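K.L.:
need a structure here:
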Amino acid sequence: MNESTALFNPSGKTHLAKQLLAILFCCFFIAIFQIAAQAQSRVELGRGIDPADPNIILLKDVWAKTLSNAKAPAGIKFPPFLYVISEDEQKGMNKDPNVPDAFATLVSIQSQYYPVVVVNMSLLTKIIEGNDARLAYVLGHEISHHTLGHVKAVRATGKTKFLLTAFSREQELNADKNGMMLTLASGYAFQDALGGMRRFIELGMEYSPLEAISVSHPSWSQRLEKMDKERATLWSSMSAFRSGVVFLAVEQFGSAERCFDLVVKQFPDCYEAWANLGYARLMQYCDLLSPDDIRDFDVGHILTTGFYTRPRSLEDRGRGKDANLWRQAVEALNQALTLNPHLTLAKANLGIAYLVKPDGKDAKSATQFLEEAVGDLKDDKDLDLLRRIVILANAGVANLAAGNLELSGKRTLEAFDLGGNKSLLTAPAILYNYAVALEREGTPEQKKKAAQILYDYLRVASRSSVWFPIGNERYQHLCSEQSLACKPAESIVMVANRLIFGLELGKGRTVGLTDSMANVEKSLGKPVPIPVVKNASIRKLKYPQMGIEILGREQVMAISLLTPAAPPISVRRRGLGSQANLLRVGMPEAQFTSIVGKEFTDTKIINPLIPYRFYPDLGIAARFIKGVVSEIMIVQVPREK
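P.N.:
Numbering: from 1, shown residues only. Sure thing, here's the model as predicted:
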């Protein structure tokens, strides 16, 4: 069977099944290719594509120039054919013709393999945009997959999907480098050629370096970091920002802090990074709060997700109040506002910070910042619906804390009307705050209604939330006070665990997926090197005194805990203040399962003879010997289609 390599697909999500469909499609046109070969023509067009289209004329010209500088590899006919696939043909292969695409493959004709490069019209119109240097780079990249031997007639065997994915990313970067050499040799400008990569980012076709761990492509920012050495710091920071956004989304606030701290050190004027850094620190502070702390503050249910997803200016520690962490969060948020006074989310997050100030809530300051944020909602077009709901709901909490019951009720209802009642993320907090407002108004009818709403809250809220026990106490008290039948208020919601992407090593040291392998060695010291596989630059760093191994290429791909001396992994449910459970090597299998659940898939990671259980909702894999955990690995296993 032929192997197809879609190594310039912008999303990185073209799977082998789709690639093989492309091969089958090409087979229908063997006759065309044979005729083309006899006529010394190497470009063919799919059904309905106009040969007079300026994009096609440019394509033929750039193809000829770029191909003339490529060296023929051994074992296959050369030079390759170029085929422009039509929209109807892509739809017939169950591919979206609106997604820019290019890939390299082999077609077998009478036991002889012929190389083929396939592009679609969306690539030409949306990415190339008539720029010959961009086109030369794309074509040079795909030609390089053939000349470097990446496209094999027989698929590789004996390697796990994890390793094959790692090899593919390495091949992608090598094709980038060789493709640029072909581009420059053909007389095209370097920075113009890189414009194609930048165009993918502009169109939102980027994905984070974290996602790139489990797919066959690095992110565009990572690739630009390798190619554009003059601006490598910029592209590295863009990657770090995107990774930080992913960490915030999965509530790994410590890992997010490291990412945004890196960005502001390199680019101190990136106000979105400062705002997100402050948010990450504030959420870590809130994570440490206990139900007793919330009782002391006497504030309503705070909502989160107040962070920026794009850097437009660039393109268990225990419970208790950590005053220093709170101060650092406020400093970062204030720095963001100094750089850009119109940052709605930074104002809103400062409002949250003053609600949970270590020495007692400052309801006046909280209300001031949150009401300013509410006032900005009309003009801030970048905020999505969810963040608008969150700001309004938290403004209701601040006004309630300040005794402004009428305005509190207004903000809470505004959040409710925007759709907060329909989301499991926002509904519990809105129900809780509405009930507290009714309770404080004080009439018997309002308290009875508050009790019913609190019961509804307890049904949809996570038991792991720091507000859940307080809500249950309020419900029990109201039932007793109003002589109501108190029904069991067991939560019907199963809240997911937070994904795990890193490991706390103590003494302020951490290691996480996508961290630089060079920085890991600087931080942890010289490791014991362990060979992994031949013909690949994948390394394994072993630290026996810590009981861990770290696998990676230039970035960390997996972290293995091998002995009971290894640090534990902290597992939390989604939601602020959730209780942490610890996973350790050497713990009984039954105890491990009680924490992580029974949902897993069997997989192989490095050695095809060693099976693991992979828990996708946590991002960990584990092995067991005689009912005891023998290894835990933090890893993102490539997704199956």
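
K.L.:
Give the other helices and strands that the helix or strand hosting residue 449 contacts.
P.N.:
Mapping residue 449 onto the secondary structure by DSSP states H and E places it in helix 444-460. Using 3 or more C-beta pairs under 8 Å, 6 or more residues apart in numbering; DSSP states H and E, the elements in contact with helix 444-460 are helix 427-441, helix 468-481. The way it works is simple: take the backbone N, C-alpha and C, and place the C-beta from them, glycine included.

K.L.:
what residue ranges in the stretch 351-500 of the chain are flagged as low confidence?
P.N.:
Across the stretch 351-500 of the chain, the ranges flagged by pLDDT under 70 are 420-426, 489-496.

K.L.:
Kindly recompute the last result at 80.
P.N.:
Along the stretch 351-500 of the chain, segments meeting pLDDT under 80 span 382, 419-428, 440-442, 460-466, 486-498.

K.L.:
could you say what helices and strands the top helix by length along the chain packs with?
P.N.:
Ranked by number of residues, the top helix in the chain under DSSP state H is helix 161-185. With contacts defined as 3+ C-beta pairs under 8 Å, 6+ apart, helix 161-185 has these neighbours: helix 132-147, helix 190-202, helix 220-227, strand 601-604.

K.L.:
The same query, at a cut-off of 7 Å, please.
P.N.:
Counting by 3 or more C-beta pairs under 7 Å, 6 or more residues apart in numbering; DSSP states H and E, the packing neighbours recorded for helix 161-185 are helix 132-147, helix 190-202, helix 220-227.

K.L.:
Can you tell me, leaving aside adjacent residues, what's nearest to residue 451?
P.N.:
residue 478 (4.0 Å; C-beta to C-beta, 6 or more residues apart in numbering).

K.L.:
do the same with residue 150
P.N.:
That would be residue 171: by C-beta to C-beta, 6+ apart, it lies 4.6 Å from residue 150.

K.L.:
so the one you found makes contact with residue 152?
P.N.:
No - contact status for residue 171 versus residue 152: not in contact, 10.8 Å apart, counting by C-beta atoms under 7 Å.

K.L.:
okay, those two: which has more neighbours?
P.N.:
residue 171 (19 against 14; other C-beta atoms under 10 Å).

K.L.:
quick one: buried residues of the helix holding residue 449?
P.N.:
The neighbour-count check on helix 444-460 (16 or more other C-beta atoms under 10 Å) flags 447-451, 453-458 as buried.

K.L.:
same question, stretch 363-381
P.N.:
363, 365-374, 376-377, 380.

K.L.:
Which residues are in contact with residue 611?
P.N.:
602, 604 (C-beta atoms under 7 Å, 6 or more residues apart in numbering).

K.L.:
Recalculate using a threshold of 10 Å.
P.N.:
602-605, 621, 623 (C-beta atoms under 10 Å, 6 or more residues apart in numbering).

K.L.:
cool, and residue 100?
P.N.:
Residue 100 touches 8-11, 119-128, 138, 196, 199-200, 203, 205, counting by C-beta under 10 Å, 6+ apart.

K.L.:
What of residue 189?
P.N.:
Residue 189 is in contact with 131-133, 136, 183, 195, counting by C-beta under 10 Å, 6+ apart.

K.L.:
count of neighbours near residue 580?
P.N.:
By other C-beta under 10 Å, 17 other residues sit near residue 580.

K.L.:
That one contacts residue 570, doesn't it?
P.N.:
Yes - contact criterion C-beta atoms under 10 Å: residue 580 and residue 570 qualify, at 4.6 Å.

K.L.:
possible to save the helices and strands packed on helix 444-460 as CSV with mean neighbour count?
P.N.:
Formatted as CSV, the helices and strands packed on helix 444-460 follow (neighbours: other C-beta atoms under 10 Å):
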stretch, mean neighbour count
helix 427-441, 24
helix 468-481, 18
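
K.L.:
of all those helices, which lies closest to residue 340?
P.N.:
helix 427-441 (27.7 Å; C-beta to C-beta).

K.L.:
angle of the closest one against helix 468-481?
P.N.:
Helix 427-441 and helix 468-481 are oriented at 40 degrees to each other (axes from the mean of the first three to the mean of the last three C-alpha atoms, to 10 degrees).

K.L.:
the inter-axis angle of helix 427-441 versus helix 444-460?
P.N.:
160 degrees.
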